[in-house]
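**Q** got a structure for you, letters missing:
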Ligand SMILES: Nc1ncnc2c1ncn2[C@@H]1O[C@H](COP(=O)(O)OP(=O)(O)OP(=O)(O)O)[C@@H](O)[C@H]1O
Ligand SMILES: [Mg+2]
């Protein structure tokens, strides 16, 4: 099962509708192992819709096309299986889980992933050590882990908590939906550093952002511009600079 992959993700002729409205229109995208792809595009062009579709959010109906993830049919799997297979989505709006402390949540998801790899649950001491180290790197105070998941966390704290999760879970493909929005300059730097540390030539990234700033820290191999549910232009990182200068209107 460890054969080299040609593609981490391959999206072919994908149409997606949400509540009877077609949002994604004939989308094609290939992401190779180790590659970092960025998606930019105007509000409402369908960027989050593609992220939610890949993660398997209910109500996101695939009407046509297919998606291969690590040579498996992604759409046929439920969201939990997709996560265990190595797909991670950092949400634009992270959800709150009242009643569950952040520490126990993080430990549970880590153990679910370990179990799927045939590993034993992590012991409490080891977990605390890893949590401390990764939290320190992201400037997350340990007190936050005894609070309920994301409940009352500031916007930036929620985003950092998403980055902490991706760091714990060792995913193969990380999708970040506007993780940079709402981060202060220091947080933008520390989260970008955490992401860059995860770049190992095998793991792939799909980074949705409005801002060139993030892409100056995390240099993408490819940049795509979304418009009306599909990719309308692709290029290298100079495309991000052009968008930043000229906006989307000028062609
Ligand atoms: N349940 C729904 N019913 C109707 N339209 C919807 C529904 N959900 C999403 N849409 C529409 O789909 C379009 C794409 O939304 P999406 O969230 O993917 O945009 P986006 O590119 O991520 O925008 P932003 O940059 O603002 O985050 C929008 O016009 C949105 O209003
Ligand atoms: Mg969005």
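**A** Arrived safely, thanks for sending. The model shown is predicted, which means the values in this text are computed figures rather than measured ones. Ligands and ions are numbered 1, 2, ... in the order given.
**Q** any chance you could map the helices in the stretch 151-251 of the chain?
**A** For the stretch 151-251 of the chain, helices defined by DSSP state H, counting those that start in this stretch occupy the ranges 155-169, 185-198, 212-217, 237-246.
**Q** out of those helices, which is the most enclosed?
**A** Neighbour counts (mean count of other Cβ atoms under 10 Å) averaged over each of the helices of the stretch 151-251 of the chain peak at helix 155-169, with a mean of 21. To be clear about C-beta, it is placed using only N, CA and C from the backbone, and glycine gets the same treatment.
**Q** other SSEs contacting that one?
**A** Packed against helix 155-169 by the contact rule (3 or more Cβ pairs under 8 Å, 6 or more residues apart in numbering; DSSP states H and E) you find strand 87-90, helix 102-116, helix 124-137, helix 185-198.
**Q** most tightly packed of those?
**A** Comparing the helices and strands packed on helix 155-169 by mean neighbour count (mean count of other Cβ under 10 Å), strand 87-90 ranks first with a mean of 23.
**Q** pLDDT of that strand, averaged?
**A** On average, the pLDDT along strand 87-90 is 95.
**Q** and for stretch 163-180?
**A** Stretch 163-180 carries an average pLDDT of 94.
**Q** put together CSV for the helices of the stretch 151-251 of the chain, with distance to residue 52 on each row.
**A** Putting these into CSV (distance: least, Cβ to Cβ, whole Å) gives the following:
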stretch, distance to residue 52
helix 155-169, 15
helix 185-198, 21
helix 212-217, 20
helix 237-246, 23
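**Q** dump the residue contacts of residue 231.
**A** 27, 28, 29, 39, 224, 225 (Cβ atoms under 8 Å, 6 or more residues apart in numbering).
**Q** of the residues you listed, closest to ligand 2?
**A** Among these, residue 39 lies closest to ligand 2 (Cβ to the ion), at 9.9 Å.
**Q** of all the contacts of residue 231, which two lie farthest apart?
**A** Farthest apart among these by Cβ to Cβ are 28 and 225. That separation is 14.0 Å.
**Q** the two: who's more crowded?
**A** Taking other Cβ atoms under 10 Å, residue 28 and residue 225 do not tie; residue 225 has more neighbours (20 against 12).
**Q** between the helices of the stretch 151-251 of the chain, which one is nearest to residue 48?
**A** Taking Cβ to Cβ, helix 155-169 is the member of the helices of the stretch 151-251 of the chain nearest to residue 48, at 14.1 Å.
**Q** any residues touching the lowest-mean-pLDDT helix or strand in the chain, and which ones?
**A** Lowest on mean pLDDT, DSSP states H and E among the helices and strands of the chain sits helix 185-198, with a mean of 90. Contacting residues not belonging to helix 185-198 are listed as 134, 137-139, 156, 159-160, 163, 166-167, 174, 176, 179-180, 183, 205, 213-214, 217-218 [Cβ under 8 Å, 6+ apart].
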